[in-house]
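Structure for the following, please:
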Amino acid sequence: MQFNGNLNKSITAGVLLIVLTGAILLVGCKRQQTPPPPVPEVGTATISLQQVVLTTELPGRTSAYLVAEVRPQVSGIIQKRLFTEGDDVKAGEVLYQIDPAPYQASYDNARAALARAEANVSPVRLRAERYKELVDVKAVSQQDYDDAAAALKQAEAEVEVNKAAVQSAHINLTYTRITAPISGRIGKSNITVGALATAHQGSALATIQQLNPIYVDATESSTNLLRLKRNMAAGRIKNTDPSQARVNLLLEDRTPYAPEGVMKFSDVTVDPSTGSFILRMVFPNQEHILLPGMFVLAVVEEGVAPNAILVPQQGVSRNPKGDPIALVVDKANTVRQKILKLDRAIGDKWLVSSGLSAGERVIVEGMMNVRPGAVVKVVPLDSRKEAAKPEALRRPTEKSN
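Below is the predicted model of the structure:
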């Protein structure tokens, strides 16, 4: 009985061994039959040289083309205000009327004094003429003639003095009518009828601003200026005439302002606190859309890059050091990594200064599934986009008969 028990155990162990061996062989066969992983598919964009107009957005503020503060040049009580606040006024238009009565009296007094002085001249001149004839025949002394000639000159001088007094009184009388020095839009009045205005006072009665055309003062970094000069020296940018550079404008809500502006001048001094300088531009403003003090973005045309390289932004990433990199596919469909030097963003693309050349294929889709050195299958971007659409949105295909 013991012998039979041992025999049964041996048979059982042998059967288990055979089963395990078969299982191992079966697994090995299955592993040998597993197909290799598929080659990853990527979408690429082929780099080509193209001409690009380079622009830069600069923050700025609008300011009036002309500004004039209206101040009285004579003192007196304001009798009338002859304009409506916020309206457009023309140069020479009367804005305020100061009480002219005391200045009219001064003018009349000056004219009377002039008439009296002119009346005194005639007898003095006749006397001097008679004495000149008599002194030649020794009928009067030379001293008498000299006194008569001096009296004539004094009388004539009195006339000139009174003429100046009349002119001064007339000017003061004219200044009682305070007129607009320039054409433009006038703001609120800082004085009311019945108030006393003082000649050359510190506070303005009102302010007039010419809004058409209008200035835009934008700040440009001196670093960007140096970069622009280097690119021009290297031949990467062909500069246009700065005095004829076209400028576009974006309003506060980033809506475009239709009329184009022109560059007026650039400041010659860099602000040491900000490292920037001022660019002044002029824009037409017939509809008065732009008001002084508004924040705007000036889109300034820097020049033209005749052989620019643009790469889609989704095709550029960063390495651990922060350097921009791109994955390219060579002729053997092998992925290569390249470090780039970027200039600026233009729309949804990067302007590349160095690192890429014309004809290279940059991976823009599927780059997360590949690594440098891997072999990939290049698929046109349109095919990848079509395959990514839901079944209901794909293009209908013709049914085979």
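
can you map out the strands along the stretch 301-401 of the chain?
Listed in chain order, the strands of the stretch 301-401 of the chain (DSSP state E, counting those that start in this stretch) span residues 317-318, 324-329, 335-339, 341-346, 349-354, 361-365, 377-379.

List the neighbours of the first one that are in contact with it.
Spelled out, it's strand 317-318. Identification of contacts with strand 317-318 by CB atoms under 8 Å, 6 or more residues apart in numbering yields 324, 325, 326, 367. Any C-beta I mention is one placed from the backbone N, CA and C, and that applies to glycine too.

average pLDDT across stretch 75-83?
Here the mean pLDDT over stretch 75-83 is 95, rounded to a whole number.

next one: stretch 363-379
In this model, stretch 363-379 has an average pLDDT of 88.

low pLDDT regions in the stretch 301-401 of the chain?
Per-residue confidence for the stretch 301-401 of the chain (pLDDT under 70) gives these ranges: 382-401.

Please apply the same query to the stretch 151-300 of the chain.
Applying pLDDT under 70 to the stretch 151-300 of the chain picks out residues 227-245.

Can you list the residue ranges for helices in it?
Residue ranges of the helices in the stretch 151-300 of the chain, as given by DSSP state H, counting those that start in this stretch, are 222-233.

Next: the stretch 1-150 of the chain.
Here the stretch 1-150 of the chain has its helices, by DSSP H, counting those that start in this stretch, at 2-33, 101-136, 142-174.

among these, which gets the worst mean confidence?
Per-stretch averages of pLDDT across these put helix 2-33 at the bottom, with a mean of 53.

need the contact list for the residue nearest to residue 286 when sequence neighbours are not counted.
In space, residue 286 comes closest to residue 212 once its chain neighbours are excluded; the distance is 5.5 Å by CB to CB, 6 or more residues apart in numbering. By CB under 8 Å, 6+ apart, the residues touching residue 212 are 65, 284, 285, 286, 288.

How about residue 119?
Contacts were defined as CB under 8 Å, 6+ apart; by that measure residue 119 touches no other residue.

and the gap between residue 97 and residue 176?
The spacing between residue 97 and residue 176, counted by CB to CB, to the nearest Å, is 7 Å.

and what of residue 325?
Counting by CB to CB, the gap from residue 325 to residue 176 is 77 Å.

So for these two, which residue has more residues nearby?
Of the pair residue 325 and residue 176, residue 176 is the one with more neighbours under other CB atoms under 10 Å, namely 22 against 16.

shouldn't that one be in contact with residue 75?
No - with contact defined as CB atoms under 8 Å, residue 176 does not reach residue 75; the gap is 10.0 Å.

shared neighbours, those two?
A shared contact of residue 176 and residue 75, defined by CB under 8 Å, 6+ apart, is any residue touching both; here these are residue 98.

Just the ones in strands from the contacts of residue 212, please.
residue 65 (DSSP state E).

From residue 329, how far out is residue 381?
Distance check for residue 381 against residue 329: by CB to CB, it reads 13 Å.

Please identify which of these two sits among more neighbours.
Set side by side, residue 381 and residue 329 show unequal neighbour counts under other CB under 10 Å, the larger going to residue 329 at 22 against 14.

And the closest residue to that one other than its chain neighbours, how far from residue 349?
Nearest-residue entry for residue 329: residue 361, 4.6 Å, with adjacent residues in sequence omitted and distances by CB to CB, 6+ apart. From residue 361 over to residue 349 the distance is 16 Å, taken as CB to CB.

And for residue 266?
For residue 266, the distance to residue 349 under the criterion CB to CB works out to 29 Å.

Give me the more crowded residue out of those two.
residue 349 (18 against 14).

how near is the nearest residue to the more buried one once chain neighbours are set aside to residue 340?
If you skip the residues right next to it in sequence, residue 349 has residue 310 as its closest partner in space, 4.2 Å away by CB to CB, 6+ apart. Between residue 310 and residue 340 the distance is 12 Å, computed by CB to CB.

Common neighbours of the two, please.
If you check residue 310 and residue 340 against CB under 8 Å, 6+ apart, the residues they both contact are 350, 352.

Surely residue 189 touches residue 206?
Yes - between residue 189 and residue 206 there is a contact at 5.2 Å, judged by CB under 8 Å.

Can you tell me which of the contacts of residue 212 comes closest to residue 151?
residue 65 (57.9 Å; CB to CB).

In terms of pLDDT, where does that closest one sit?
The model's pLDDT for residue 65 equals 94.

Could you tell me which residues make contact with the residue nearest to residue 329?
44, 45, 46, 47, 328, 329, 378.

Generate a PyMOL selection restricted to the buried subset of these.
Below is the selection syntax for PyMOL that covers the buried ones among the contacts of residue 361, with 16 or more other CB atoms under 10 Å defining burial:
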select buried, resi 44+45+47+328+329
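
and which of the contacts of residue 361 is nearest residue 279?
residue 47 (33.3 Å).

Grab the nearest non-local neighbour of that closest one.
Once chain neighbours are set aside, the closest to residue 47 by CB to CB, 6+ apart is residue 360, at 4.9 Å.

Just want the phi and psi numbers for the one you found.
Recorded main-chain torsions at residue 360 are phi -80, psi 150, according to degrees, to the nearest 10.

count of neighbours near it?
20.

Contact partners for it?
For residue 360, the contacting residues are 46, 47, 328, by CB under 8 Å, 6+ apart.

now the closest residue in space to the first one that isn't next to it in sequence: how far from residue 378?
Read it as residue 46. The shortest distance from residue 46 to any residue that is not its chain neighbour, by CB to CB, 6+ apart, is 5.4 Å, and that residue is residue 361. Residue 361 sits 7 Å away from residue 378, taking CB to CB as the criterion.
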